[in-house]
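>>> Prediction below, plus the sequence it came from.
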Protein chains: 2
Amino acid sequence: MPAVSDCINMLDSETKAVETPEDHAEELRLWLRLLTCTTLIEGEVRGRLRQRFDVTLPRFDLMAQLDKAPDGMTLSDVSKRMMVSNGNVTGLVERLVDSGHLDRRTSETDRRVQVIRLTKLGRAEFRRMAAEHETWIADLFADLSPKDVRELMRLLAKTKASAQKSAARRRP
Amino acid sequence: MPAVSDCINMLDSETKAVETPEDHAEELRLWLRLLTCTTLIEGEVRGRLRQRFDVTLPRFDLMAQLDKAPDGMTLSDVSKRMMVSNGNVTGLVERLVDSGHLDRRTSETDRRVQVIRLTKLGRAEFRRMAAEHETWIADLFADLSPKDVRELMRLLAKTKASAQKSAARRRP
DNA sequence: GGAAAACATTTTAGGCTTAAAACAATTTGG
DNA sequence: CCAAATTGTTTTAAGCCTAAAATGTTTTCC
């Protein structure tokens, strides 16, 4: 019968009169479930890309970014979009240039900047992979109704905003 | 006015009479948003763990698994729970044993098996980190109402089940 | 104009991660 | 019993990833 202490804790938490160690077990469970879903799907996509096309997920992701930018992107743009470090992109790009999927040139107006684009080969291969990739995703989410999908989109948008706000609080 | 073609496509997709390239753009967007949320939160947690405790996220995750298992776990158990490869766990454990956070011994009943446990130091350090970690998670999800959290939990459970089913279809 | 700040990228050092092959121990089924 | 299959772990080779320092370039602003 934890009724008394519950009341006390709730009072504390509502009035903010005292610092009580609050219970955030639900949020923690939510985070672990979110992570599980992502890891599960990501692993599945990674394996299929490897089996079907002998390509790694990061390479696919990078090509996906470039496919949406016919005029090319700078390395910084790519790094921000992919949410990975600059140095990571440098290596990824190097390998994709070597394999003939990417074209890379120094900007004419700013010699600090490197602009990368998909080559004809890179674009063709990406489109081929992307078509199949889309069916994998559809299959992975197949048991969600259209309403579920909409509702998840809404709640994840809220989650993203909340997390960005929290990150900004720490790193203003 | 794409009404006509829409009707045709819907008929096809409902009756399954013809194979039409269906549109799964919504599911794709959902996947990208899920990935963004996870990457955002994971990066934030990784950075805070490093700054506050000079520990990496994988080390923290491994210790979290062991904290829930006072009698220890086998490397396979850990690898399944963390959803990472066996070889990955081998290296992670090696470094944590070296730093004095883990104890590792060969099972007496099955000499293939390695059982690992948190040492006293490991448990103490983990508890200290976990307490703070929980407040970070709470803060990252702060803008979600309790109802949002419940609803997300429900939808992610459904997502997890769907993805597991899809993975099992491919790898029976 | 020129020093200082800001920016874009690369390098460095170390750790993480995977898939596949190799190794070792146990279990299974004839 | 014992060969074959299975199970648990490690090794290997390659690539991914990060934070921080270094390098080169441009902008700011006195």
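Looks like it arrived, so ask away.

>>> Hmm, A:Leu75 is touching A:Ile116, no?
Yes - between A:Leu75 and A:Ile116 there is a contact under Cβ atoms under 8 Å: 6.9 Å. Bear in mind the C-beta positions are built from the backbone N, C-alpha and C, glycine included.

>>> more crowded one of these two?
Higher neighbour count among A:Leu75 and A:Ile116: A:Ile116, with 23 against 17, using other Cβ atoms under 10 Å in any protein chain shown.

>>> list the contacts for the closest residue to that one other than its chain neighbours?
Excluding the flanking residues, the one nearest A:Ile116 by Cβ to Cβ, 6 or more residues apart in numbering or on different chains is A:Arg104, at 4.8 Å. Listed by Cβ atoms under 8 Å, 6 or more residues apart in numbering or on different chains, the contact set of A:Arg104 reads A:93, A:97, A:114-117.

>>> Out of those residues, who's the most crowded?
A:Ile116 leads the contacts of A:Arg104 on contacts (other Cβ under 10 Å) with 23 neighbours.

>>> Okay, helices next: where are they in chain A?
A:3-15, A:25-53, A:57-67, A:75-82, A:86-98, A:120-140, A:146-170 (DSSP state H).

>>> how many neighbours does the closest residue to A:Phe60 other than its chain neighbours have?
The spatial neighbour of A:Phe60 that comes closest, neighbours along the chain excluded (Cβ to Cβ, 6+ apart), is A:Leu49 at 5.6 Å. By other Cβ under 10 Å, the residues close to A:Leu49 number 20.

>>> what about stretch A:44-53, distance to the chain center?
18 Å (Cα atoms, centre = their mean, to the nearest Å).

>>> Likewise for stretch A:128-140?
In terms of Cα atoms, centre = their mean, the centre of stretch A:128-140 is set 17 Å apart from its chain centre.

>>> where does chain A dip in pLDDT?
By pLDDT under 70, the weakly predicted segments of chain A are A:1-21.

>>> Mind telling me which residue of it is nearest DNA strand C?
Using Cβ to the nearest atom of the strand, the closest approach of chain A to DNA strand C is made by A:Gly87 at 2.6 Å.

>>> can you list residues touching both of A:Leu75 and A:Ile116?
A:Val93.

>>> Count the neighbours of the residue lying closest to A:Arg117 once chain neighbours are set aside for me.
Sequence neighbours aside, A:Gly72 is the residue nearest to A:Arg117 in space, at 4.0 Å (criterion: Cβ to Cβ, 6+ apart). Look at A:Gly72: counted by other Cβ under 10 Å, it has 18 neighbours.

>>> how close does the closest residue in space to A:Leu62 that isn't next to it in sequence sit to A:Thr119?
In this structure, A:Leu62 finds its nearest non-sequential neighbour in A:Leu92, 5.5 Å apart by Cβ to Cβ, 6+ apart. Between A:Leu92 and A:Thr119 the computed distance is 15 Å (Cβ to Cβ, to the nearest Å).

>>> more crowded one of these two?
Higher neighbour count among A:Leu92 and A:Thr119: A:Leu92, with 21 against 17, using other Cβ under 10 Å.

>>> is it true that that one touches A:Arg59?
Yes - applying Cβ under 8 Å, one finds A:Leu92 in contact with A:Arg59, separated by 6.8 Å.

>>> Next, see if stretch A:36-48 gets close to DNA strand D.
No - counting by Cβ under 7 Å from any atom of the strand, no contacts exist between stretch A:36-48 and DNA strand D, the nearest distance being 9.4 Å.

>>> Any residues of chain A in contact with DNA strand D? List them.
With Cβ under 7 Å from any atom of the strand as the criterion, chain A meets DNA strand D at residues A:56-59, A:83-88, A:91-92, A:95, A:110-112.

>>> from those residues, which is closest to A:Met129?
The closest of the residues of chain A next to DNA strand D to A:Met129 turns out to be A:Arg59 (Cβ to Cβ; 9.8 Å).

>>> quick one, what contacts the closest residue in space to that closest one that isn't next to it in sequence?
Residue nearest to A:Arg59 in three dimensions, not counting chain neighbours: A:Leu96, with 6.2 Å by Cβ to Cβ, 6+ apart. Taking Cβ under 8 Å, 6+ apart, we find A:Leu96 in contact with A:59, A:62-63, A:102, A:122.
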